[in-house]
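In: below are the sequence and a predicted model; questions follow.
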Amino acid sequence: MDADQIRSAFLEYMAEQGHTVIPRAPLIPKDDPTTWRVVDDWPEKVPITEAEIEVFGFGSLCVMVEGRCALSAYATGQSPNTAGMCSPPSAVRWEESAAGVEARLGGVLIDRYAPDEPRGYPTLCKGRFEVGGQRDYAIEEPTSLNTLALLPQLIEAGVSAIKIEGRQRSPSYVAEVTRVWRHAIDAAASGARYSVQPGWNAMLGRWAEGQQQTLGAYDRPWR
Ligand code: SF4
């Protein structure tokens, strides 16, 4: 069997199990009217498609493309499409030093924290490095997307599922984050007037990367 035959057999099996097979398409097709558009007058209805629509609703933002991450691969030799995760825990080292707690990934110094400073999972993209004499987040600030405020619009637009980041996260994270989202989705779907409870955002803020949350591209014109 060659790769195409394996793929066809896989798709046939999935179709037999009741799944809908959607033809392959580029990630962001040029001028494709079915592309989700983040524009001032959004949400337009998600265009007619046989597929149920899932959108990323909560979790760390990441600059890799489809599992290929040169940053993770550089430091650890592994990236999401080779290890199923970025920056594997086996490559992480935490070390006490006179200057603070140092986080290293594959031996690369990613960050140095003051004793009482919250610490994030060490990834190269969210590391603090010295550039031009200044130490700061050189690539990306640790921030999590949080679309709680958009739930009614997402439901109205036809979204069926919210994707929540969970990989490499603790059981406590999973329990607390999903509890908040369960309450919020039930409230938004009930048809009653919906507003984000301060306690929800406070709880998600505890688990957000860098304790920062954003609406990301939903809140800004696409560039
Ligand atoms: S290192 Fe950063 S950009 Fe690369 S996969 Fe991990 S989170 Fe994403």
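Out: Everything's here; your move.
In: packing partners for the longest strand belonging to the chain?
Out: Using DSSP state E to assign secondary structure, the strand with the most residues in the chain is strand 53-60. Under the contact definition 3 or more CB pairs under 8 Å, 6 or more residues apart in numbering; DSSP states H and E, strand 53-60 sits against strand 144-146, strand 159-164, helix 171-189. From N, CA and C alone the C-beta is placed, and that goes for glycine too.
In: let me see the residues that make contact with that strand.
Out: Residues external to strand 53-60 that are found in contact with it (CB atoms under 8 Å, 6 or more residues apart in numbering): 36, 46, 126, 142-148, 154, 157-166, 177, 181, 204, 209.
In: now narrow those residues to whatever sits close to the ligand.
Out: With the criterion set as CB under 6 Å from any ligand atom, no member of the contacts of strand 53-60 is near the ligand.
In: near the ligand, which residues of this protein? Just list them.
Out: Counting by CB under 6 Å from any ligand atom, the residues of the chain that sit close to the ligand are 62, 63, 64, 69, 71, 72, 80, 86, 87, 123, 124, 125.
In: so where do the helices sit in this protein?
Out: When assigned using DSSP state H, the helices of the chain occupy the ranges 3-16, 70-76, 80-83, 151-156, 171-189, 198-207.
In: need the winner for burial among those helices.
Out: Of the helices of the chain, the one with the most neighbours on average (mean count of other CB atoms under 10 Å) is helix 70-76, at a mean of 20.
In: now that one, how far from the centre of its chain.
Out: Between the centre of helix 70-76 and the centre of its chain there are 18 Å (CA atoms, centre = their mean, to the nearest Å).
In: how about it as CSV, C-alpha atoms only?
Out: Presented in CSV, the C-alpha positions along helix 70-76 are these (Å, rounded to 0.1, in the frame of the first residue of the first chain):
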residue,chain,number,x,y,z
ALA,A,70,12.5,25.7,14.5
LEU,A,71,12.8,27.3,17.9
SER,A,72,11.9,24.1,19.9
ALA,A,73,13.9,22.0,17.4
TYR,A,74,16.9,24.2,17.8
ALA,A,75,17.0,23.9,21.6
THR,A,76,15.8,20.3,22.1
